[in-house]
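Undergrad: Quick one: sequence and predicted model below, then my questions.
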Amino acid sequence: MPSPSPTPPAETFPAGTPAASQVFTTVLSQGPLTRLELARRAGLSAAAVTKAVRPLIESGYLVEDADAGTRPALGRPANLVRVDGGRALFIGLKLTGDEIIGVLTDLCCRILLARHVPLARRDPKAVLVSAAEVVLELLTGADGYGVRVVGLGIAASGDVDRVEGVVRYSPFLDWRDVPLAGLAGTITGLPVTVDNDVRALTVAEQWFGAGVGLSDFAVVTVGAGIGCGLVVHGRVVAGAHGVAGEIGHVTVDPNGPLCHCGNRGCVEAIAADPAILARIRETTGVEVADTAEAVELARGGDSGAREAYARAGEAIGRGIATVANLLGPERVLISGEGLAAYDLFAEQIRDAFTAAAFGSAAQCDVQTRPLPFEEWARGAAATAIQSFITAPN
């Protein structure tokens, strides 16, 4: 099994207080900012900001630049505080049933390198071997930047306990109770964060994407499964037991098809790609091999295929309405590989959402957010960045 060379002791982030972490996170996601604006957005006093900023500047994580564009009528120009993205590097891995996607990012979660490695087997040992190969390749690529990789994030589908670093159950990998963080840390020598893939994607959207500055929003993913990540009062919701936002297993048709979770009529049992393919085969008799064939059939006007997508759209819309009714998010982002067929069910999503959303919940801003799998790996890197910044010293 390949293993990177021994690494020096892990670098720690110089934020000794929650205020320092908050200040840095605010600059990271919303900067560059003046100190005055930083204090306002972080909800801290100017003195608290000054105290928090000083060690971050001294250690090179923050940089303060004079900005002539902010010069008042009298006096010196205001200084902008920004993150030095090149100060540290991170690796993110997205595990699917078929491949591992790996990315090397900087501290601002900008992708510097990306790698795809196919998986011949899904057992934990085989996946860890392939993951170690990807990490080693990205570490080698990182050498050219002259900066250390200080964290590794791994994202997998299913029930993932981030606190314990354990994949409790991943249907696409067919894993149960795999202590992935510990195993990967032993192999790579890096601090490892393991999280659910949709939750990791939500972290990236909150800090670096379409959720920046929003207190309450959701990310709904459609494709091989139906996932949902939630941000409530500025925090990604993980749930008491590591499971939250599972709208894929909200029942929208009690008499609907059987879901792999054991219930009937779940959103996922109607709207996930395998469910759509099964419905098309059942109603048309056409043995569509994959989603590309299904989409082609539907766009060609086949009524059975179009009905399957319309039915999926209605289920997704009702699932999103459930989120809106329960939490009242400002925005819902729809993403995932299933967006390739969005034109086939967009109208049904909107209509079902509008019909099922209660009162002002229907004002929720529903947007599509097409993201390639590299962005899911970037989400894994975002969780590693988050862990690095917030880890107790």
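TA: Right, received. Where do you want to start?

Undergrad: Please make it C-alpha for all contacts and neighbour counts, starting now.
TA: OK.

Undergrad: low pLDDT regions in the stretch 151-300 of the chain?
TA: 240-243 (pLDDT under 70).

Undergrad: how about the helices in it?
TA: With DSSP state H, counting those that start in this stretch, the ranges of helices along the stretch 151-300 of the chain come out as 180-188, 197-208, 267-271, 273-284, 291-299.

Undergrad: Compare these and report which one is nearest to residue 29.
TA: For residue 29, the closest of the helices of the stretch 151-300 of the chain is helix 197-208, at 4.8 Å, according to CA to CA.

Undergrad: Show me what the closest one is packed up against.
TA: Helix 197-208 makes packing contacts with helix 18-30, strand 149-156, strand 217-222, strand 226-232, strand 235-236, helix 373-390 when contacts are defined by 3 or more CA pairs under 8 Å, 6 or more residues apart in numbering; DSSP states H and E.

Undergrad: tell me the angle that helix makes with helix 18-30.
TA: Taking axes from the mean of the first three to the mean of the last three CA atoms, to 10 degrees, one finds helix 197-208 and helix 18-30 inclined to each other by 90 degrees.

Undergrad: Show me the contact partners of helix 197-208.
TA: By CA atoms under 8 Å, 6 or more residues apart in numbering, the residues outside helix 197-208 that reach it are 25, 28-29, 94, 108-109, 155-158, 211-214, 218-219, 221, 227-231, 236, 238, 375-376, 378-380, 382-383.

Undergrad: Save the helices of the stretch 151-300 of the chain as a markdown table, and put in mean neighbour count and distance to residue 360 too.
TA: Below are those laid out as a markdown table (neighbours: other CA atoms under 10 Å; distance: least, CA to CA, whole Å):
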| stretch | mean neighbour count | distance to residue 360 |
| --- | --- | --- |
| helix 180-188 | 19 | 42 |
| helix 197-208 | 26 | 23 |
| helix 267-271 | 31 | 23 |
| helix 273-284 | 19 | 31 |
| helix 291-299 | 17 | 34 |
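
Undergrad: So which of those helices is nearest residue 249?
TA: Each of the helices of the stretch 151-300 of the chain has some distance to residue 249 by CA to CA; the shortest is helix 267-271, at 6.0 Å.

Undergrad: could you dump that closest one to CSV, C-alpha only?
TA: Backbone C-alpha positions of helix 267-271 (Å, rounded to 0.1, in the frame of the first residue of the first chain) are rendered in CSV as follows:
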residue,chain,number,x,y,z
VAL,A,267,-38.5,11.2,-2.8
GLU,A,268,-35.4,9.1,-3.6
ALA,A,269,-37.5,6.1,-4.6
ILE,A,270,-39.3,8.3,-7.2
ALA,A,271,-36.7,10.9,-8.3
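
Undergrad: Against which helices or strands is it packed?
TA: Other elements packing on helix 267-271 under the criterion 3+ CA pairs under 8 Å, 6+ apart are strand 226-232, helix 273-284, helix 303-327.

Undergrad: so how far does stretch 134-153 reach from one end to the other?
TA: 13 Å (CA to CA, to the nearest Å).

Undergrad: in that stretch, what's buried?
TA: Neighbour-count burial for stretch 134-153, with 16 or more other CA atoms under 10 Å as criterion, is recorded at 134-139, 142, 148-153.

Undergrad: Show me which of those residues has the smallest pLDDT value.
TA: Scanning the buried residues of stretch 134-153 for pLDDT, the low point is residue 148. It has 93.

Undergrad: okay but it is in contact with residue 89, surely?
TA: Yes - counting by CA atoms under 8 Å, residue 89 is a contact partner of residue 148 at 6.0 Å.

Undergrad: Isn't residue 116 up against residue 101?
TA: Yes - here residue 116 reaches residue 101: they are 4.6 Å apart, a contact under CA under 8 Å.

Undergrad: got a list of contacts for whichever strand or helix holds residue 81?
TA: Using DSSP states H and E, residue 81 sits in strand 79-83. Strand 79-83 is contacted from outside by 24, 27-28, 31-35, 61-67, 108, using CA under 8 Å, 6+ apart.

Undergrad: rerun that using 10 Å as the cut-off
TA: 24-38, 53, 56-57, 60-68, 70-71, 107-108 (CA atoms under 10 Å, 6 or more residues apart in numbering).

Undergrad: Just the buried residues from those, in ChimeraX please.
TA: Entered in ChimeraX, the line below selects the buried ones among these, by 16+ other CA under 10 Å:
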select :24,25,26,27,28,29,30,31,32,33,34,35,38,53,56,57,61,62,63,64,107,108
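
Undergrad: Show me which of residue 116 and residue 101 is the more surrounded one.
TA: Just comparing residue 116 and residue 101: by other CA atoms under 10 Å the higher neighbour count belongs to residue 101, 25 against 15.

Undergrad: my read: that one touches residue 92, true?
TA: Yes - with contact defined as CA atoms under 10 Å, residue 101 reaches residue 92; the gap is 8.2 Å.
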